[in-house]
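Participant: output the structure for:
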Amino acid sequence: MRENRVRKLWAEGKPVINGWLHSPSTWSAEVMAHSGWDSLVVDMQHGMMGMETAIQMLQAISTTETAPMVRVNWNTPGDTMRLLDAGAYGVICPMIETREECEAFVGACRFPPLGYRSLGPTRARVYAGADYAEHANDTIITFAMIETQAGFDNRDEIMSVEGLDGVFVGIGDLRLSMTGRAGLVADDATVDAALDAILESARKHGIKAGLFSAGTEHAIEMIGRGYEFVTVMNDVSLMASAAEAVVERVRTAAAQ
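Facilitator: Presented below is the predicted three-dimensional model:
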(Lines give C-alpha, C1' and ligand atoms only; values in the text may rest on other atoms or scores of the structure.)
Protein backbone atom coordinates (compact mmCIF):
# COMPACT_ATOMS: atom_id res chain seq x y z
CA MET A 1 0.00 0.00 0.00
CA ARG A 2 1.19 3.51 -0.80
CA GLU A 3 2.84 5.22 2.16
CA ASN A 4 0.96 7.98 4.00
CA ARG A 5 3.26 11.01 4.02
CA VAL A 6 1.68 12.32 7.22
CA ARG A 7 2.49 9.14 9.14
CA LYS A 8 6.01 9.14 7.70
CA LEU A 9 6.69 12.66 8.95
CA TRP A 10 5.29 11.87 12.38
CA ALA A 11 7.49 8.77 12.58
CA GLU A 12 10.47 11.01 11.84
CA GLY A 13 9.46 13.39 14.61
CA LYS A 14 8.56 16.19 12.18
CA PRO A 15 5.44 18.39 12.15
CA VAL A 16 3.03 18.26 9.22
CA ILE A 17 2.46 21.51 7.31
CA ASN A 18 -1.08 21.15 6.03
CA GLY A 19 -2.89 23.11 3.32
CA TRP A 20 -6.63 23.64 3.05
CA LEU A 21 -8.95 23.81 0.03
CA HIS A 22 -12.16 25.84 -0.02
CA SER A 23 -12.38 26.52 -3.74
CA PRO A 24 -14.31 23.91 -5.79
CA SER A 25 -11.52 23.61 -8.33
CA THR A 26 -9.33 20.76 -9.49
CA TRP A 27 -6.89 23.35 -10.83
CA SER A 28 -6.58 25.03 -7.43
CA ALA A 29 -6.09 21.62 -5.83
CA GLU A 30 -3.38 20.68 -8.31
CA VAL A 31 -1.52 23.98 -7.94
CA MET A 32 -1.67 23.78 -4.15
CA ALA A 33 -0.48 20.17 -4.21
CA HIS A 34 2.53 21.22 -6.28
CA SER A 35 3.38 23.99 -3.80
CA GLY A 36 5.03 21.70 -1.28
CA TRP A 37 2.34 21.06 1.33
CA ASP A 38 2.79 17.82 3.25
CA SER A 39 -0.95 17.21 3.10
CA LEU A 40 -4.02 18.93 1.68
CA VAL A 41 -7.54 18.85 3.09
CA VAL A 42 -10.56 19.13 0.81
CA ASP A 43 -13.05 20.91 3.05
CA MET A 44 -16.52 19.46 2.59
CA GLN A 45 -17.92 21.40 5.55
CA HIS A 46 -17.19 25.04 4.75
CA GLY A 47 -15.72 24.64 1.27
CA MET A 48 -17.86 25.21 -1.81
CA MET A 49 -17.42 21.80 -3.45
CA GLY A 50 -19.83 18.89 -3.77
CA MET A 51 -19.02 15.19 -3.63
CA GLU A 52 -18.11 14.68 -7.29
CA THR A 53 -15.84 17.74 -7.39
CA ALA A 54 -14.21 16.69 -4.13
CA ILE A 55 -13.36 13.31 -5.62
CA GLN A 56 -11.84 14.99 -8.68
CA MET A 57 -9.81 17.25 -6.37
CA LEU A 58 -8.43 14.18 -4.61
CA GLN A 59 -7.33 12.96 -8.05
CA ALA A 60 -5.59 16.30 -8.70
CA ILE A 61 -3.74 16.14 -5.38
CA SER A 62 -2.65 12.62 -6.27
CA THR A 63 -0.41 13.99 -9.03
CA THR A 64 2.07 14.68 -6.20
CA GLU A 65 3.35 13.08 -3.01
CA THR A 66 1.09 15.37 -0.94
CA ALA A 67 -1.25 13.31 1.25
CA PRO A 68 -4.90 13.75 0.14
CA MET A 69 -7.28 14.34 3.05
CA VAL A 70 -10.82 15.55 3.60
CA ARG A 71 -12.89 17.25 6.23
CA VAL A 72 -16.35 15.71 6.06
CA ASN A 73 -19.35 17.99 6.42
CA TRP A 74 -20.67 16.08 9.44
CA ASN A 75 -20.35 12.81 11.30
CA THR A 76 -22.19 10.91 8.56
CA PRO A 77 -20.79 7.40 8.00
CA GLY A 78 -21.99 7.03 4.41
CA ASP A 79 -20.24 10.18 3.20
CA THR A 80 -17.10 9.33 5.18
CA MET A 81 -16.87 5.86 3.66
CA ARG A 82 -17.45 7.16 0.14
CA LEU A 83 -14.62 9.70 0.44
CA LEU A 84 -12.32 7.01 1.78
CA ASP A 85 -13.29 4.79 -1.15
CA ALA A 86 -12.35 7.75 -3.38
CA GLY A 87 -8.81 7.75 -2.00
CA ALA A 88 -8.76 10.11 0.98
CA TYR A 89 -5.81 9.18 3.20
CA GLY A 90 -7.13 11.02 6.22
CA VAL A 91 -10.48 12.25 7.53
CA ILE A 92 -11.20 15.18 9.84
CA CYS A 93 -14.65 15.08 11.43
CA PRO A 94 -16.17 18.30 12.83
CA MET A 95 -18.03 18.94 16.06
CA ILE A 96 -17.19 15.79 18.01
CA GLU A 97 -18.49 16.28 21.54
CA THR A 98 -18.77 12.81 23.09
CA ARG A 99 -16.99 9.47 23.16
CA GLU A 100 -19.96 7.86 21.41
CA GLU A 101 -19.78 10.33 18.52
CA CYS A 102 -16.08 9.69 18.20
CA GLU A 103 -16.60 5.92 18.20
CA ALA A 104 -19.14 6.29 15.39
CA PHE A 105 -16.71 8.41 13.38
CA VAL A 106 -13.67 6.18 13.86
CA GLY A 107 -15.74 3.05 13.21
CA ALA A 108 -16.75 4.41 9.80
CA CYS A 109 -13.06 4.77 8.89
CA ARG A 110 -11.93 1.28 9.94
CA PHE A 111 -12.63 -2.08 8.37
CA PRO A 112 -13.78 -4.90 10.69
CA PRO A 113 -12.91 -6.00 13.26
CA LEU A 114 -11.75 -2.48 14.24
CA GLY A 115 -14.80 -0.74 12.78
CA TYR A 116 -17.76 -1.13 10.48
CA ARG A 117 -16.52 0.41 7.23
CA SER A 118 -17.95 -1.37 4.22
CA LEU A 119 -15.46 -3.01 1.87
CA GLY A 120 -15.47 -1.30 -1.53
CA PRO A 121 -12.34 0.83 -2.03
CA THR A 122 -13.19 1.70 -5.63
CA ARG A 123 -10.60 4.38 -6.41
CA ALA A 124 -8.58 3.87 -3.23
CA ARG A 125 -7.38 0.52 -4.59
CA VAL A 126 -6.10 2.29 -7.73
CA TYR A 127 -4.44 5.12 -5.81
CA ALA A 128 -3.02 3.12 -2.92
CA GLY A 129 -2.48 -0.37 -4.30
CA ALA A 130 -4.14 -3.75 -4.62
CA ASP A 131 -3.42 -4.54 -0.95
CA TYR A 132 -5.37 -1.48 0.24
CA ALA A 133 -7.94 -3.39 2.28
CA GLU A 134 -5.20 -5.29 4.10
CA HIS A 135 -3.36 -2.17 5.29
CA ALA A 136 -5.93 0.64 5.30
CA ASN A 137 -6.64 0.43 9.04
CA ASP A 138 -2.97 1.19 9.76
CA THR A 139 -2.62 3.86 7.07
CA ILE A 140 -5.76 6.03 7.08
CA ILE A 141 -5.64 8.90 9.60
CA THR A 142 -8.59 9.90 11.77
CA PHE A 143 -8.91 13.35 13.34
CA ALA A 144 -11.81 14.27 15.64
CA MET A 145 -12.40 18.01 15.90
CA ILE A 146 -12.50 19.58 19.35
CA GLU A 147 -14.26 22.88 18.81
CA THR A 148 -16.94 23.34 21.46
CA GLN A 149 -17.05 23.66 25.23
CA ALA A 150 -18.67 20.23 25.42
CA GLY A 151 -15.98 18.66 23.26
CA PHE A 152 -13.30 20.29 25.39
CA ASP A 153 -14.90 19.09 28.61
CA ASN A 154 -15.10 15.54 27.23
CA ARG A 155 -11.67 15.59 25.59
CA ASP A 156 -10.17 12.74 27.60
CA GLU A 157 -13.10 10.44 26.85
CA ILE A 158 -12.94 11.38 23.17
CA MET A 159 -9.18 10.87 22.96
CA SER A 160 -9.37 7.45 24.57
CA VAL A 161 -11.28 5.98 21.61
CA GLU A 162 -9.31 3.15 20.03
CA GLY A 163 -8.31 3.90 16.45
CA LEU A 164 -8.34 7.69 16.83
CA ASP A 165 -5.07 9.16 15.56
CA GLY A 166 -5.51 12.74 16.63
CA VAL A 167 -7.65 15.70 17.56
CA PHE A 168 -7.92 18.82 15.46
CA VAL A 169 -8.77 22.08 17.21
CA GLY A 170 -11.15 24.41 15.44
CA ILE A 171 -9.99 27.56 17.21
CA GLY A 172 -12.70 29.73 15.68
CA ASP A 173 -15.60 27.63 16.90
CA LEU A 174 -13.91 26.83 20.20
CA ARG A 175 -13.39 30.52 20.90
CA LEU A 176 -16.98 31.27 19.91
CA SER A 177 -18.28 28.48 22.15
CA MET A 178 -16.15 29.48 25.12
CA THR A 179 -16.30 33.27 24.93
CA GLY A 180 -19.04 34.24 22.49
CA ARG A 181 -16.46 35.97 20.27
CA ALA A 182 -15.22 34.92 16.84
CA GLY A 183 -11.61 34.79 15.68
CA LEU A 184 -8.92 32.29 14.71
CA VAL A 185 -6.23 33.62 17.05
CA ALA A 186 -6.54 32.46 20.64
CA ASP A 187 -5.96 35.94 22.08
CA ASP A 188 -8.07 35.07 25.08
CA ALA A 189 -6.66 33.54 28.25
CA THR A 190 -9.44 30.94 28.42
CA VAL A 191 -8.92 29.70 24.87
CA ASP A 192 -5.15 29.89 25.16
CA ALA A 193 -5.25 27.71 28.26
CA ALA A 194 -7.60 25.30 26.46
CA LEU A 195 -5.03 24.84 23.69
CA ASP A 196 -2.45 23.77 26.24
CA ALA A 197 -4.94 21.47 27.99
CA ILE A 198 -5.88 19.78 24.70
CA LEU A 199 -2.23 19.28 23.82
CA GLU A 200 -1.54 17.83 27.26
CA SER A 201 -4.45 15.40 26.94
CA ALA A 202 -3.33 14.33 23.47
CA ARG A 203 0.13 13.52 24.76
CA LYS A 204 -1.35 11.58 27.66
CA HIS A 205 -3.40 9.43 25.28
CA GLY A 206 -0.57 9.01 22.77
CA ILE A 207 -2.29 10.76 19.87
CA LYS A 208 -1.48 13.81 17.75
CA ALA A 209 -2.86 17.33 18.02
CA GLY A 210 -3.54 19.66 15.11
CA LEU A 211 -5.27 22.98 14.49
CA PHE A 212 -6.02 25.86 12.16
CA SER A 213 -3.67 28.82 12.25
CA ALA A 214 -4.38 32.37 11.20
CA GLY A 215 -1.10 32.79 9.30
CA THR A 216 2.57 31.88 9.10
CA GLU A 217 3.70 33.36 12.40
CA HIS A 218 0.78 31.82 14.26
CA ALA A 219 1.56 28.45 12.63
CA ILE A 220 5.21 28.67 13.68
CA GLU A 221 4.13 29.52 17.22
CA MET A 222 1.77 26.54 17.40
CA ILE A 223 4.43 24.14 16.09
CA GLY A 224 6.80 25.46 18.73
CA ARG A 225 4.13 24.80 21.30
CA GLY A 226 3.92 21.16 20.30
CA TYR A 227 1.15 20.90 17.71
CA GLU A 228 2.14 18.34 15.07
CA PHE A 229 -0.41 18.99 12.31
CA VAL A 230 -0.78 22.68 11.53
CA THR A 231 -2.99 24.16 8.85
CA VAL A 232 -1.87 27.51 7.43
CA MET A 233 -4.78 29.49 5.95
CA ASN A 234 -6.59 28.09 2.87
CA ASP A 235 -6.39 28.44 -0.89
CA VAL A 236 -8.96 31.25 -1.08
CA SER A 237 -7.45 33.30 1.76
CA LEU A 238 -3.95 32.80 0.36
CA MET A 239 -5.07 34.02 -3.06
CA ALA A 240 -6.94 36.98 -1.57
CA SER A 241 -4.08 38.07 0.69
CA ALA A 242 -1.53 37.82 -2.14
CA ALA A 243 -3.81 39.70 -4.54
CA GLU A 244 -4.49 42.45 -1.99
CA ALA A 245 -0.76 42.87 -1.35
CA VAL A 246 -0.01 43.18 -5.08
CA VAL A 247 -2.79 45.71 -5.66
CA GLU A 248 -1.79 47.79 -2.65
CA ARG A 249 1.89 47.78 -3.64
CA VAL A 250 1.23 48.88 -7.23
CA ARG A 251 -1.42 51.44 -6.23
CA THR A 252 0.90 52.97 -3.63
CA ALA A 253 3.78 53.17 -6.12
CA ALA A 254 1.55 54.68 -8.82
CA ALA A 255 0.38 57.41 -6.45
CA GLN A 256 3.92 58.60 -5.68
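Participant: for F229, grab phi and psi.
Facilitator: Note on F229: backbone dihedrals following degrees, to the nearest 10 are phi -150, psi 100.
Participant: so it touches W20, yeah?
Facilitator: No: at 11.7 Å, F229 and W20 do not qualify as touching, with contact defined as Cβ atoms under 8 Å. Quick note: C-beta positions are derived from backbone N, CA and C, even for glycine.
Participant: neighbour-wise, which of the two wins?
Facilitator: Taking neighbours as other Cβ atoms under 10 Å, F229 and W20 compare with F229 leading, 29 against 24.
Participant: pairing partners for the residue nearest to that one when sequence neighbours are not counted in the sheet, please.
Facilitator: Nearest-residue entry for F229: G210, 3.0 Å, with adjacent residues in sequence omitted and distances by Cβ to Cβ, 6 or more residues apart in numbering. Note on G210: beta-bridge partners F168, F229, judged by DSSP bridges.
Participant: now do the contacts for G210.
Facilitator: Under the criterion of Cβ atoms under 8 Å, 6 or more residues apart in numbering, the neighbours of G210 are V16, N18, F143, G166, V167, F168, V169, Y227, E228, F229, V230, T231.
Participant: for it, give its distance to D156.
Facilitator: Here the distance between G210 and D156 works out to 18 Å (Cβ to Cβ, to the nearest Å).
Participant: try R7
Facilitator: Where D156 is concerned, R7 sits at a distance of 24 Å (Cβ to Cβ).
Participant: which one's more surrounded, the two?
Facilitator: Using other Cβ under 10 Å, the more surrounded residue of R7 and D156 is R7, with 19 against 13.
Participant: and that one, what element?
Facilitator: For R7, the enclosing helix or strand under DSSP states H and E is helix 5-11.
Participant: hmm, who's touching that helix?
Facilitator: With Cβ under 8 Å, 6+ apart as the contact definition, helix 5-11 has outside contacts at 15-16, 38-39, 65-67, 69, 89-90, 139, 141, 208, 228-229.
Participant: how about the contacts made by the residue nearest to T98 when sequence neighbours are not counted?
Facilitator: Leaving aside its sequence neighbours, T98 sits nearest to N154 (Cβ to Cβ, 6+ apart; 5.7 Å). In this structure, N154 makes contact with E97, T98, R99, judged by Cβ under 8 Å, 6+ apart.
Participant: tell me what the residue nearest the centre of the chain is bridged to.
Facilitator: The centre of the chain sits closest to I92, judged by Cα atoms, centre = their mean, with a distance of 4.9 Å. When assigned by DSSP bridges, I92 has beta-bridge partners R71, F143.
Participant: quick one: the residue nearest to T98 from D165, how far?
Facilitator: Using Cβ to Cβ, we find N154 at a distance of 18 Å from D165.
Participant: could you pull out the helices for this protein?
Facilitator: Secondary structure of the chain (DSSP state H): helices located at 5-11, 26-33, 51-61, 77-85, 99-109, 124-128, 132-139, 149-153, 155-159, 171-179, 189-205, 216-225, 235-254.
Participant: what is the rounded mean pLDDT of the last one?
Facilitator: The one in question is helix 235-254. When the per-residue pLDDT values of helix 235-254 are averaged, the result is 96.
Participant: check which residues of it are buried.
Facilitator: Buried positions in helix 235-254, judged by neighbour count with 16 or more other Cβ atoms under 10 Å: D235, V236, L238.
Participant: for the stretch 101-250 of the chain, give me the ranges with low pLDDT.
Facilitator: Applying pLDDT under 70 to the stretch 101-250 of the chain flags residues 184-187.
Participant: list the contacts for T179?
Facilitator: Neighbouring residues of T179 by Cβ under 8 Å, 6+ apart: D188, T190, V191.
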